[in-house]
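>>> Sequence first, then the predicted structure:
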Amino acid sequence: MLSASSSASAPGGEFQFTDSDFDRVRKLIYRHAGIALSESKRHLVYSRIGRRLRTLGLSRFNDYLELLEGENPAEWELFTNALTTNLTAFFREEHHFPILAEHLRSIGTRRPITLWCAACSTGEEAYSLAITAAETFNTLPPPVRILATDVDTSVLAKAECAVYGADRVERLSPERLRRFFLKGSGAHAGEVKARAELCESITFRQINLLDERWPVRGPLDAIFCRNVMIYFDKATQYAILAKFAPLLRDDGLLFAGHSESLYHAADLFRARGKTVYELASRRRRNGP
């Protein structure tokens with residue numbers, strides 16, 4: 001184990017990075033965003049926060065952390081953005097979307113439908129929800145309202161632009177590409193842009209799930225919060241789930257990530273399918 005004053009920098013030792021610095025980073029990001037960084041994330045922290053030191057002309061993490069702990073909200077935003085992992089794709093975890101489509105059909109057009117994509121990253125998931133709704137009701141724009149949120153402002157800016165490289169949409173069928181995207185040309189060759197009719201169903205907004213209050217108005221028909229809980233400890237997970245529950249309609253669904261389970265919140269949610277949950281308080285027609 002390195003001493004508190006020893007360097008833990010990457011090969012080359014560009015920045016002074018001590019155990020104490022790493023512990024401070026872990027405490028700060030946990031307090032600010034609920035992200036629990038394990039010891040194995042030391043080099044990730046060095047790499048990502050090192051970029052901020054390089055930009056600011058600093059040589060020690062201690063100097064950066066003192067700057068961060070001062071009155072510097074802009075740097076807090078950049079710090080959070082740097083340590084937020086954003087891995088996403090169109091129709092990721094495909095088994096969820098037929099379940100969503102069935103849920104939308106069961107609601108029909110008898111009332112407005114509202115969905116919350118609670119960690120939308122660069123937008124692929126939110127647009128996948130909109131495409132699913134458009135295909136379910138065979139109309140564009142889709143007759144749903146989608147709130148898409150993330151703590152990372154940099155990915156939200158990309159999501160709102162709705163422009164993606166060809167590699168990001170290569171798994172989409174030719175029919176989906178034709179119907180829901182415009183092909184770029186000239187300076188934008190090799191890119192596609194989501195059609196305006198698809199975009200108008202989505203509102204992007206920054207929300208930190210750790211905030212005491214969320215600017216989210218229920219009732220919601222579904223919440224997608226996938227592959228986010230794995231970054232929180234159990235207590236933080238439960239606190240977030242306890243705030244999700246009252247926002248859902250009685251028949252609302254919560255979609256979680258493939259490596260996440262809600263067994264520690266069985267009083268709030270119960271399994272409906274593979275990583276799909278319904279309110280534990282809901283009465284089933286043919287069950288308890």
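Received, thanks.
>>> quick one, strands of the protein?
For the chain, the strands identified by DSSP state E occupy 113-117, 144-150, 163-165, 181-183, 191-194, 202-206, 220-224, 248-255, 269-273, 276-279, in order along the chain.
>>> With mean neighbour count as extra columns, can I get these in CSV?
(C-beta placed from N, C-alpha, C; glycine too.) What follows is those, written out as CSV (neighbours: other CB atoms under 10 Å):
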stretch, mean neighbour count
strand 113-117, 25
strand 144-150, 23
strand 163-165, 17
strand 181-183, 17
strand 191-194, 19
strand 202-206, 17
strand 220-224, 24
strand 248-255, 20
strand 269-273, 17
strand 276-279, 20
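>>> Could you count how many residues lie near the closest residue to Leu65 other than its chain neighbours?
Nearest residue to Leu65 in three dimensions, chain neighbours excluded: Arg24, at 5.3 Å (CB to CB, 6 or more residues apart in numbering). Taking other CB atoms under 10 Å as the neighbour definition, Arg24 ends up with a count of 17.
>>> gap between Arg24 and Tyr30?
Distance, Arg24 to Tyr30, by CB to CB, to the nearest Å: 11 Å.
>>> Report the contact partners of Ala162.
Contacts here follow CB atoms under 8 Å, 6 or more residues apart in numbering; on that basis Ala162 touches Gly123, Tyr127, Lys193, Ala194, Leu198, Cys199.
>>> rerun that using 6 Å as the cut-off
Listed by CB atoms under 6 Å, 6 or more residues apart in numbering, the contact partners of Ala162 are Lys193, Ala194, Cys199.
>>> Just grab the bridge partners of the second one for me.
Listed by DSSP bridges, the beta-bridge partners for Ala194 are Phe181.
>>> how about the strands of the chain, which one is nearest Ala36?
With CB to CB as the criterion, Ala36 lies closest to strand 144-150 of the strands of the chain, at 18.2 Å.
>>> returning to what we had before: closest to Ala101 among the contacts of Ala162?
Ala101 lies nearest to Ala194 out of the contacts of Ala162, by CB to CB, at 19.0 Å.
>>> Check what pLDDT the closest one gets.
Each residue has a pLDDT score; the one for Ala194 is 97.
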